[in-house]
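J.: Structure, please.
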Amino acid sequence: MELEGFKVINADGLILGRMASIIAKRLLKGEKIAVVNAEKAVISGKRKSKIAEAKEFLEVGHPGKGPFHYRRPDRILRRTIRGMLPYKQPKGKQAYKRLRVFIGVPDEFKSAEMETIEEAKAEKLTCPYFTLGEFAKEIGWSGE
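T.: Numbering: from 1, shown residues only. Below you'll find the predicted structure:
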């Protein structure tokens, strides 16, 4: 996989929605972005209520016709960012193609310089929060 020119963002300890909105804006400006440690991003709110909401949402749809709901943390993060892009328009489609999301840190990025997003740090939260990996396991991810 050719990953030259990608800016690497470490999602460890970053709030999912805030991180996604900042990444979406940067993608629209033309940057190539790779997000690593997707399972360590955090979701703010009470764990039980967020999981109950997700399980209710997962019941919507038909197994053969969709809509299809992802359960892997990297796919959930990609879909969250897609929701913040005008992905049905050419500029949004191109921006979405410039995004890569990974569980953990792939070998190609072990030596790369990783950046973080200060505005999206979970340390600023005063409410309860939990990781995207924990959330994914609750809604059916096998954790591979």
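J.: which stretches of the chain have low pLDDT?
T.: Filtered on pLDDT under 70, the chain yields the residue ranges 1-2, 144.
J.: the helices in it, which residues?
T.: With DSSP state H as the criterion, the chain has helices at 16-28, 47-58, 73-82, 90-97, 132-138.
J.: With mean neighbour count and distance to Ile103 added, can I get those helices in JSON lines?
T.: Glycine gets a C-beta too; all of them are placed from N, C-alpha and C. Shown next, in JSON lines, are the helices of the chain (neighbours: other CB atoms under 10 Å; distance: least, CB to CB, whole Å):
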{"stretch": "helix 16-28", "mean neighbour count": "20", "distance to Ile103": "15"}
{"stretch": "helix 47-58", "mean neighbour count": "13", "distance to Ile103": "18"}
{"stretch": "helix 73-82", "mean neighbour count": "21", "distance to Ile103": "5"}
{"stretch": "helix 90-97", "mean neighbour count": "15", "distance to Ile103": "19"}
{"stretch": "helix 132-138", "mean neighbour count": "20", "distance to Ile103": "8"}
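J.: mind listing what the residue nearest to the spatial centre of the chain touches?
T.: Centroid-nearest residue in the chain: Leu77, 1.8 Å away (criterion: CA atoms, centre = their mean). Neighbouring residues of Leu77 by CB atoms under 8 Å, 6 or more residues apart in numbering: 11, 16, 20, 35, 38, 41, 101, 132.
J.: Please tell me how far the residue of the chain most remote from its centre sits from Glu56.
T.: In the chain, the greatest distance from the average C-alpha position (CA atoms, centre = their mean) is reached by Gly64, at 25.1 Å. As judged by CB to CB, to the nearest Å, Gly64 and Glu56 stand 21 Å apart.
J.: cool, and Gly143?
T.: From Gly143 to Glu56 the distance is 22 Å (CB to CB).
J.: Now for Val35: which residues touch it?
T.: Neighbouring residues of Val35 by CB under 8 Å, 6+ apart: 8-9, 11, 19, 23, 77, 99-102.
J.: and what of Cys127?
T.: Cys127 makes contact with 44-46, according to CB under 8 Å, 6+ apart.
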